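> coordinates only, no sequence provided:
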């Protein structure tokens, strides 16, 4: 039984018609008096005739649909559908890609080549790529555009992007592979550690950066050709003190100044290829400079280092260098 005050919580209500006045009334089971009290009787002392009872189910308050909540859910679903559709629109994706070309840094940042190597932006980009995948989308372009700017700021915008010159250094140990085969892994590792201690500190001390180690050689970049030449000379002097099992390594060095591109912690471009070819011209342990590096040196640098240069003349029977300009001129560093 439910009182009038509890009617909203009652699972059902019984409603009938009073034919005398046409008003709806509650069933006999529902009254204004508490349960168990006396029934209300009209002043005449007679009960009105009550029409057949009708049972109407009442939905509990906590089960009544919330129209506002339903409307909000519907609107959120609509918004999500619209955003997903916009995210896959080819014209929007193309527009965002073109916009990225106007931003600092590498406009292709986000591909495997550009996000390899160390760095916060690259690490975030690798994580993002695993989450969103490589499917083209507007959100992907916006996200990588932001990371592109971040990476450009870390790399000091403009450096190595074709607007400023760097000097690339390549080193290589002469006949190292032949010696290593007979020396064994233990002696080889000992030698490589000694070589690293000899040549890498002079590079770092003069503002250079070792880009990568390639077995018995390294690739490094400098923002000054003068410091690059000084590092090469000091590194070779240090190397004269390295000896393992009676073997003293000889190192050839190649230097070239140009404007390569820094991508994914590496440096790529024609100028990098030229530097490698200049190093290969070093024969049995010479330090070689391209004409571009020689021209970029301050006039007093070689004199201060006690060095001079001689033109390099390739043997008539030597194969032409590949991947470099035909008019490339190379010079050999020599003691003045």
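Noted; the coordinates are in hand. The shown structure was predicted, so the numbers you read here are calculated from the model rather than taken from an experiment. Residues are numbered from 1 along each chain as shown.
> show the contacting residues for the closest residue to residue 199 other than its chain neighbours.
Spatially, and ignoring its direct neighbours in sequence, residue 199 is nearest to residue 235 (3.9 Å; CB to CB, 6 or more residues apart in numbering). Where C-beta positions appear, they are placed from N, C-alpha and C, glycine not excepted. With contact set as CB atoms under 8 Å, 6 or more residues apart in numbering, residue 235 has these partners: 171, 198, 199, 202, 203, 251, 253.
> which other helices and strands contact the host helix or strand of residue 171?
According to DSSP states H and E, residue 171 maps onto strand 166-173. The contact analysis (3 or more CB pairs under 8 Å, 6 or more residues apart in numbering; DSSP states H and E) places strand 166-173 against helix 185-205, strand 217-222, helix 225-239, strand 251-258, helix 270-280.
> how does this protein divide into domains?
4-63, 87-154, 166-335 (automatic domain parsing).
> roughly how far does the residue nearest to residue 199 sit from residue 194?
12 Å (CB to CB, to the nearest Å).
> about what we covered before: out of the helices and strands packed on strand 166-173, deepest packed?
Stretch with highest mean neighbour count among those: strand 251-258 (a mean of 26; mean count of other CB atoms under 10 Å).
> what's the following helix or strand after it?
Next in sequence after strand 251-258, counting helices and strands by DSSP H and E, comes strand 261-263.
> just the buried positions in that following strand, please.
Under the neighbour-count criterion of 16 or more other CB atoms under 10 Å, strand 261-263 has 262, 263 buried.
> quick one: mean pLDDT over that strand.
For strand 261-263, mean pLDDT rounds to 78.
> count of neighbours near residue 332?
17 (other CB atoms under 10 Å).
> checking it next. Helix, strand or coil?
Put simply, residue 332 is strand when judged by DSSP: H, G, I helix; E, B strand; the rest coil.
> tell me the contacts of it?
Counted by CB under 8 Å, 6+ apart, residue 332 has contacts 282, 286, 287, 288, 289, 309, 310, 311, 312.
> one more time with 10 Å, if that's ok
281-283, 286-289, 308-313 (CB atoms under 10 Å, 6 or more residues apart in numbering).
> same question, residue 179
173, 187, 188, 191, 216, 244, 245, 247, 249.
> and for residue 189?
180, 183, 244 are the contacts of residue 189 under CB under 10 Å, 6+ apart.
> right, and residue 334 touches residue 233 too?
No - counting by CB atoms under 10 Å, residue 334 does not reach residue 233; the two are 11.3 Å apart.
> where are the low-confidence patches of the stretch 151-300 of the chain?
151-163, 264 (pLDDT under 70).
> ok, back up a step: any idea which of the contacts of residue 235 is closest to residue 89?
residue 203 (49.2 Å; CB to CB).
> that closest one contacts residue 218, correct?
Yes - the criterion here is CB under 10 Å, and residue 203 meets it with residue 218 at 7.7 Å.
> so what sits against both of those two?
169, 171, 210, 235.
> now render the residues you listed as TSV, adding distance to residue 303.
Below are the shared contacts of residue 203 and residue 218 laid out as TSV (distance: CB to CB, whole Å):
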residue	distance to residue 303
169	21
171	24
210	28
235	20
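> in these, find the pair that's most separated.
The widest separation within the shared contacts of residue 203 and residue 218 (CB to CB) is 11.4 Å, between 210 and 235.
> what sits in contact with each of those two?
Shared contacts of residue 210 and residue 235, counting by CB under 10 Å, 6+ apart, come down to 169, 199, 200, 203, 218, 220.
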